[in-house]
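**Student:** below are the sequence and a predicted model for it; my questions follow.
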Amino acid sequence: MFGSSYIDNVFGGEVSTSHLLDTGRRRLVFVGGPDSLQPVQDRRRGFLRALETRGLSPADQLSPDWINRADGWRVGRALAPRILAGELDGIVAASDLLAAGIIQALAEVPSISLPEAVSVIGYDNNQAAWDSPIPISTVSQPGVALGVAGLTLLENEFGSDTHRHESVRLQPSLIPRRSTERR
């Protein structure tokens, strides 16, 4: 058995959800799938934990087929009537690509303005988040630190016969952008 380094996706789900709650959002939906992906499961657990901590329940939880832009667009189209009806005011997406697709679909509905009517946050801090017409708030994973930790664990593994196996958990961080500005 070797050591491991990993991102705390449960914490990331909590951070993203707490950010929306801190901006005044209360009717939140989690969008992420497929459920067979462990990071999606963990981000959903973090979402639920953040709501539970504040005595709230999710407005909904959706599991699209995948975590790409096209799936986000389909979800955004389906959520638009619920946003217009006031049922939802915040969306926690399990990836930036999902968030970008959701925002793209919502932008096609003239009576929905972001972030006034609904806030959207993604996860990954990739180009889909920073290069979007509406810059997307996101959770950034410490990729370089993950690689360094993994390499260090590997070096330690082969550098000593008495090495003890370790796990290194790294925490992601919030990157707030325009998609979740306070109302």
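**Tutor:** Structure's in. What do you need?
**Student:** ok, then the element right after the lowest-mean-pLDDT helix or strand in the chain?
**Tutor:** Least confident helix or strand, the chain: helix 143-159 with a mean of 61, by mean pLDDT, DSSP states H and E. Remark: after helix 143-159, the chain's next helix or strand is strand 167-170, criterion DSSP states H and E.
**Student:** does anything pack onto that next one? Which helices or strands?
**Tutor:** With contacts taken as 3 or more C-beta pairs under 8 Å, 6 or more residues apart in numbering; DSSP states H and E, strand 167-170 sits against strand 4-7, helix 143-159. In this view, the C-beta of every residue, glycine as well, is placed from N, C-alpha and C.
**Student:** now do the buried residues in stretch 35-51.
**Tutor:** Of the residues in stretch 35-51, those buried by neighbour count under the rule 16 or more other C-beta atoms under 10 Å are 37, 39-44, 46-48, 50-51.
**Student:** please name the nearest non-neighbouring residue to residue 99.
**Tutor:** Nearest residue to residue 99, sequence neighbours excluded (C-beta to C-beta, 6 or more residues apart in numbering): residue 122, at 3.2 Å.
**Student:** next one: residue 56
**Tutor:** residue 26 (6.4 Å).
**Student:** from residue 179, how far out is the one you found?
**Tutor:** With distances taken as C-beta to C-beta, to the nearest Å, residue 26 is found 17 Å from residue 179.
**Student:** how about residue 126?
**Tutor:** Distance of residue 126 to residue 179, computed by C-beta to C-beta: 14 Å.
**Student:** and these two? Which one has more around it.
**Tutor:** The neighbour comparison of residue 126 against residue 179 (other C-beta atoms under 10 Å) goes to residue 179, with 24 against 17.
**Student:** for that one, which three-state class applies?
**Tutor:** Secondary structure for residue 179, judged by DSSP: H, G, I helix; E, B strand; the rest coil, is helix.
**Student:** which residues does the most centrally placed residue in the chain contact?
**Tutor:** With distances taken as C-alpha atoms, centre = their mean, residue 123 lies nearest the centre of the chain, 3.5 Å away. For residue 123, the residues meeting the contact criterion (C-beta atoms under 8 Å, 6 or more residues apart in numbering) are 12-13, 16, 43, 93-96, 99, 138-139, 172.
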